[in-house]
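Visitor: Let me see the structure of the following:
(2 chains)
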Amino acid sequence: DAEITQSPRHKITETGRQVTLACHQTWNHNNMFWYRQDLGHGLRLIHYSYGVQDTNKGEVSDGYSVSRSNTEDLPLTLESAASSQTSVYFCASSDLTSGRTDTQYFGPGTRLTVL
Amino acid sequence: EDQVTQSPEALRLQEGESSSLNCSYTVSGLRGLFWYRQDPGKGPEFLFTLYSAGEEKEKERLKATLTKKESFLHITAPKPEDSATYLCAVFNDYKLSFGAGTTVTVRA
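Guide: Presented below is the predicted three-dimensional model:
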């Protein structure tokens, strides 16, 4: 079955370190998204991509970067981790080309703690 | 700016006690309203998409409805396995904007 996976599921790091979170989908979806989820804020969009070599900033992109070199993967990099980036991170994918439905399917999440 | 507000924040129900969750939104050019279910420690799981006022969709004990300003998720005769956080989101242009969610607890 097609799926979307994230790794690691849990990560503890120190302030100032570079961290990369992996996201891999086998749906063959064009579109991929990264969100963070914090208590009281709901899910907020960090970055998104509509295809290979395409990346765009979301509403909370400062301190994060992404690159899309193939259809399946969209890694999220924290350039210099800060305590404010302690959160649960979710990757999602969708296929706009399927028509009016733009359902996003989510991965299981990565819990990141920055000490 | 798109705004999505869900109420109540938390809902405690007895098994079999039907209730409704509210999602009110302000968005220019709604292209879809989504409901997701999220269990603790897991990613959101897609439930429904609604596109226009008057539209309704059902799945087991859940029924979602849509008006021009809000959506309701009705839970009929809930069971303990319906306990979860229910998220509402609106799709506009390029992104989903999520509400903070309603956490539903169903006691046996």
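Visitor: Need phi/psi at the closest residue to chain A within chain B.
Guide: Using C-beta to the nearest C-beta, the closest approach of chain B to chain A is made by residue B:43 at 3.6 Å. Heads up, the C-betas are built off the backbone N, CA and C, glycines and all. Per-residue torsions, residue B:43: phi -80, psi 160 (degrees, to the nearest 10).
Visitor: go on, residue B:8?
Guide: Note on residue B:8: backbone dihedrals following degrees, to the nearest 10 are phi -70, psi 170.
Visitor: Around residue 64, how many other residues sit close by?
Guide: Here I'm looking at chain A. Counted by other C-beta atoms under 10 Å in any protein chain shown, the residues lying close to residue A:64 total 19.
Visitor: should've been chain B
Guide: 24.
Visitor: The helix or strand where it lies - which strands sit beside it in the sheet, and in what orientation?
Guide: Residue B:64 belongs to strand B:62-66 when elements are defined using DSSP states H and E. Using DSSP bridges, the strands paired with strand B:62-66 are strand B:56-59 (antiparallel), strand B:70-75 (antiparallel).
Visitor: In CSV, list those strands along with distance to residue A:75, mean neighbour count and mean pLDDT.
Guide: Shown next, in CSV, are the strands paired with strand B:62-66 (distance: least, C-beta to C-beta, whole Å; neighbours: other C-beta atoms under 10 Å in any protein chain shown; pLDDT from 0 to 100):
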stretch, distance to residue A:75, mean neighbour count, mean pLDDT
strand B:56-59, 34, 12, 96
strand B:70-75, 34, 19, 97
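Visitor: mind saving the C-alpha coords of stretch B:77-95 as PDB?
Guide: Only the C-alpha atoms of stretch B:77-95 are listed here, as PDB (Å, rounded to 0.1, in the frame of the first residue of the first chain):
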ATOM      1  CA  ALA B  77     -24.500   7.700  19.300                       C
ATOM      2  CA  PRO B  78     -20.700   7.900  19.900                       C
ATOM      3  CA  LYS B  79     -18.600   5.000  21.100                       C
ATOM      4  CA  PRO B  80     -15.400   5.100  23.100                       C
ATOM      5  CA  GLU B  81     -13.400   4.500  19.900                       C
ATOM      6  CA  ASP B  82     -14.700   7.900  18.600                       C
ATOM      7  CA  SER B  83     -12.500   9.600  21.200                       C
ATOM      8  CA  ALA B  84     -10.000  11.700  19.300                       C
ATOM      9  CA  THR B  85      -9.200  15.300  18.400                       C
ATOM     10  CA  TYR B  86     -11.100  16.500  15.400                       C
ATOM     11  CA  LEU B  87      -9.500  19.100  13.200                       C
ATOM     12  CA  CYS B  88     -11.200  21.400  10.700                       C
ATOM     13  CA  ALA B  89      -9.300  23.100   7.900                       C
ATOM     14  CA  VAL B  90     -10.100  25.400   5.000                       C
ATOM     15  CA  PHE B  91      -8.300  25.300   1.600                       C
ATOM     16  CA  ASN B  92      -7.800  28.600  -0.100                       C
ATOM     17  CA  ASP B  93      -5.400  29.100  -3.000                       C
ATOM     18  CA  TYR B  94      -2.400  27.200  -2.100                       C
ATOM     19  CA  LYS B  95      -2.700  26.000   1.500                       C
END
